[in-house]
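Novice: build me a model:
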Amino acid sequence: MKELKKLWISMFVFFPFLVMAQTSTVKVEVPTPEPLENYNFVLGTQGIGGKYKFTKDSYLVEQAKQIRGLGSNILKISVSKQYHKIYPDQFKDPNIKTTLDLVKIKQDFREVLDMDFKYIFMWVHTLTNAKWNDGITETEKKAFYNEMYDYTTYLLKRYNKSGKTFLIGNWEGDWLLHGMGNKKLVPSETKIAGMTEWFQIRQQAIDDAKRDTKHKNVEVYHYIEVNLALKGMKGEKCISESILPNVDVDFVSYSSYEISKRSQGYENVYKDVAPVMDYIESKLQPKEGLPFSRRVWIGEYGFKVVKGNFEEQAGRSKDVMLASIQMKLPFCLHWEMYNNEYEKNGESKDMSLISAEGEKKPIYFIHNDYFIQMNNYLKAYKKANKKYPTNDEFYTKAFDVLKTIEFNN
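Specialist: All right, here's what the predicted structure looks like:
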């Protein structure tokens, strides 16, 4: 969202105003994680940024533990050059010059990757000095490729036979292409060509590493995240319209604020969002061997609290969840576990499952209840049928379960 968008743009332009991160004196329990069935629960959240925490663990580790304790087997984090600003207790180390360096040197990153999450999403740009904005030189091409190849190889070897799926992508790409907030800007052909090549280099490096590295029961995929798809639907220049058709990418994530906030009621959200997801998916080149029936998902959605109305926030979030399940998207990720969004006056937008005051909000209990019920369903189904349900059976059950969940504990 806005505050985090500025943080990512700062990689290229400026550093934003940051709210002081702090450890709260409030005691908040980190639930002991229950064993989870080996299945994609679709819904999830993310632990990106650090403004507050409640334990002696780092901002990154504590949020990961909260997400796992919530009952989720999906984690989304940032692995970027700004690691020491996004997670402010991760002090900058001059020896870290690539993504692989970061994960090897910073123990907290290894710790969360080692946790028993089945799906791990990562914002990965580059920790090298290579840039794509003004065209990519041969030296930059090599830096981009080697960094991604080496990191993918590391993941495949370290997590061989783990059952994990790693999904490597970018933060809201249209802001990188347009400049933050510049929806009306027409991106230059130079930037379009540079971004297209950057994405393709990353995809090729991942594909090559998978080809060259012996591995079993572990996967790494590449996704592109877009956030101005409505421009593309009007035939205007953006990633969806101008870049996706020219990149052999695995998947696309949609940061959906431009459309998911327009209406209330899951039927209306479905009517708004489904055509956008279909449009994005129509721009993808055919690709065999991918694990999901659809190649697009909602990588971000969320709602700030207005006048203390947490029930409205929960209800609107539930609408997006239901619509996503109705569309049979592989993932729908809520923004986020701990709030990272503040107004200019420092007031919290409360876009979180747990507030800075340590309060578990209604949207927390919707997720928690869903995970518990769906895990029990999968366990019982497998016991009775000696196998897991089909995707269609899972989505039908997930929709029915979620629809009945109330907004409180």
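Novice: my guess is Asn246 contacts Thr196. True?
Specialist: Yes. In this structure Asn246 lies within contact range of Thr196 using CB atoms under 8 Å: 5.3 Å. C-beta coordinates here come from the backbone N, C-alpha and C atoms, glycine included.
Novice: which one of these two has more residues nearby?
Specialist: Thr196 (19 against 15; other CB atoms under 10 Å).
Novice: how close does the more buried one get to Gln107?
Specialist: 36 Å (CB to CB, to the nearest Å).
Novice: so which elements touch the one helix or strand Tyr149 maps to?
Specialist: Secondary structure assigned from DSSP states H and E places Tyr149 in helix 138-158. Contact here means 3 or more CB pairs under 8 Å, 6 or more residues apart in numbering; DSSP states H and E; on that basis helix 138-158 packs against helix 99-105, strand 165-169, helix 189-212, strand 219-226.
Novice: tell me what angle it forms with strand 219-226.
Specialist: 130 degrees (axes from the mean of the first three to the mean of the last three CA atoms, to 10 degrees).
Novice: what does helix 138-158 contact?
Specialist: Residues from elsewhere that reach helix 138-158, judged by CB atoms under 8 Å, 6 or more residues apart in numbering: 98-100, 103-104, 113, 124, 126-132, 136, 166, 168, 197-198, 201-202, 204-206, 208-210, 212-213, 215, 218, 220.
Novice: can you say which of those are buried?
Specialist: 98-100, 103-104, 113, 124, 126-128, 130-132, 136, 166, 168, 197-198, 201-202, 204-206, 209-210, 213, 215, 218, 220 (16 or more other CB atoms under 10 Å).
Novice: can you put the helices and strands packed on helix 138-158 in TSV and add distance to Gln66?
Specialist: Shown next, in TSV, are those (distance: least, CB to CB, whole Å):
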stretch	distance to Gln66
helix 99-105	21
strand 165-169	20
helix 189-212	29
strand 219-226	23
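Novice: tell me which of the ones you listed lies nearest to Val296.
Specialist: strand 219-226 (9.3 Å; CB to CB).
Novice: buried ones in whichever helix or strand comes after the closest one?
Specialist: Later in the chain than strand 219-226, the nearest helix or strand by DSSP H and E is helix 229-233. By 16+ other CB under 10 Å, the buried positions in helix 229-233 come out as Ala229, Lys231, Gly232, Met233.
Novice: also stretch 295-312?
Specialist: 295-305, 310, 312.
Novice: farthest pair within those?
Specialist: Most distant of those, by CB to CB, are Arg295 and Phe310, 34.1 Å apart.
Novice: how about the helices and strands packed on helix 138-158, which one is nearest Tyr377?
Specialist: Of those, nearest to Tyr377 by CB to CB is strand 165-169, at 21.5 Å.
Novice: hey, where'd the strands end up in the stretch 1-150 of the chain?
Specialist: 22-23, 43-44, 52-53, 74-78, 119-123 (DSSP state E, counting those that start in this stretch).
Novice: so where's this protein uncertain?
Specialist: Low-confidence segments of the chain, defined by pLDDT under 70: 1-22, 408-409.
Novice: what are the C-alpha coordinates of the helix or strand harbouring Val276, in CSV please?
Specialist: Secondary-structure assignment from DSSP H and E places Val276 in helix 266-282. Taking Å, rounded to 0.1, in the frame of the first residue of the first chain, the C-alpha atoms of helix 266-282 are listed here in CSV:
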residue,chain,number,x,y,z
TYR,A,266,-19.0,-10.9,-2.8
GLU,A,267,-21.3,-11.2,-5.8
ASN,A,268,-20.5,-7.6,-6.8
VAL,A,269,-16.8,-8.0,-6.0
TYR,A,270,-16.8,-11.1,-8.2
LYS,A,271,-18.5,-9.2,-11.1
ASP,A,272,-15.8,-6.4,-10.8
VAL,A,273,-12.7,-8.6,-10.3
ALA,A,274,-13.4,-11.7,-12.4
PRO,A,275,-13.1,-9.9,-15.8
VAL,A,276,-9.8,-8.3,-14.8
MET,A,277,-8.4,-11.7,-13.8
ASP,A,278,-9.6,-13.2,-17.1
TYR,A,279,-8.0,-10.3,-19.0
ILE,A,280,-4.6,-10.7,-17.3
GLU,A,281,-4.7,-14.4,-17.8
SER,A,282,-5.5,-14.0,-21.5
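Novice: which elements pack onto it?
Specialist: Packed next to helix 266-282, using 3+ CB pairs under 8 Å, 6+ apart, are helix 229-233, strand 251-255, helix 257-260, strand 296-301, helix 310-326.
Novice: let's see that with 10 Å instead.
Specialist: Applying 3 or more CB pairs under 10 Å, 6 or more residues apart in numbering; DSSP states H and E, we find helix 266-282 packed against strand 219-226, helix 229-233, helix 239-242, strand 251-255, helix 257-260, strand 296-301, helix 310-326, helix 391-404.
Novice: for the fifth one, C-alpha coordinates in CSV please.
Specialist: Once non-C-alpha atoms are left out, helix 257-260 reads as follows in CSV (Å, rounded to 0.1, in the frame of the first residue of the first chain):
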residue,chain,number,x,y,z
TYR,A,257,-6.7,-2.3,-4.9
GLU,A,258,-7.8,-0.4,-8.0
ILE,A,259,-10.8,-2.8,-8.4
SER,A,260,-11.3,-4.8,-5.2
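Novice: contacts for it?
Specialist: Helix 257-260 is contacted by residues 1-2, 172, 174, 183, 227-231, 233, 254, 269, 272-273, 275-277, 298, 300-303, 316-317, 319-320, 323-324, 332, 335 when judged by CB atoms under 10 Å, 6 or more residues apart in numbering.
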